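J.: sequence first, then the predicted structure:
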Amino acid sequence: METFQHDLQHLFEQLGLATDKASIEHFLSSHCLVEGQTLVDAPFWSAAQRAFIDEAIKEDADWAEQVDMLDARLRKP
């Protein structure tokens, strides 16, 4: 049985984004979701990133928990 690491750093890797801590924090601080906007509909994703996120959500895939965490971190109070 394979085990996978599913954390925010690895999610960023799957999305083709920089994975060092500073880059992740920069992404999180410079992007946000507006009221009523879903994560998958955010304008800053490429088509491939959007497809990955959509699949993770719809199929409740292994990545769903991290995608949910990313969604929460991109919502600013």
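T.: Cool, got the structure.
J.: use CA for all of it now, contacts and neighbours both
T.: Fine.
J.: quick one, phi psi at residue 29?
T.: Dihedral angles of residue 29 (phi, psi; degrees, to the nearest 10) stand at phi -80, psi -20.
J.: I'd like to know how far it sits from residue 37.
T.: Residue 29 sits 17 Å away from residue 37, going by Cα to Cα, to the nearest Å.
J.: one more: residue 69?
T.: Remark: distance between residue 69 and residue 37 (Cα to Cα) = 15 Å.
J.: what of residue 56?
T.: According to Cα to Cα, residue 56 stands 17 Å off from residue 37.
J.: more neighbours, these two?
T.: residue 56 (18 against 12; other Cα atoms under 10 Å).
J.: that one in helix, strand or coil?
T.: The local conformation at residue 56, judged by DSSP: H, G, I helix; E, B strand; the rest coil, is helix.
J.: which pLDDT value does the model give it?
T.: Residue 56 is assigned a predicted lDDT (pLDDT) of 90.
J.: dump the residue contacts of it.
T.: The contact partners of residue 56, taken as Cα atoms under 8 Å, 6 or more residues apart in numbering, are 62-64, 67.
J.: JSON lines for the residues you listed, including secondary structure, neighbour count and pLDDT?
T.: Formatted as JSON lines, those follow (DSSP: H, G, I helix; E, B strand; the rest coil; neighbours: other Cα atoms under 10 Å; pLDDT from 0 to 100):
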{"residue": "62", "secondary structure": "coil", "neighbour count": "13", "pLDDT": "84"}
{"residue": "63", "secondary structure": "coil", "neighbour count": "23", "pLDDT": "88"}
{"residue": "64", "secondary structure": "helix", "neighbour count": "19", "pLDDT": "89"}
{"residue": "67", "secondary structure": "helix", "neighbour count": "25", "pLDDT": "94"}
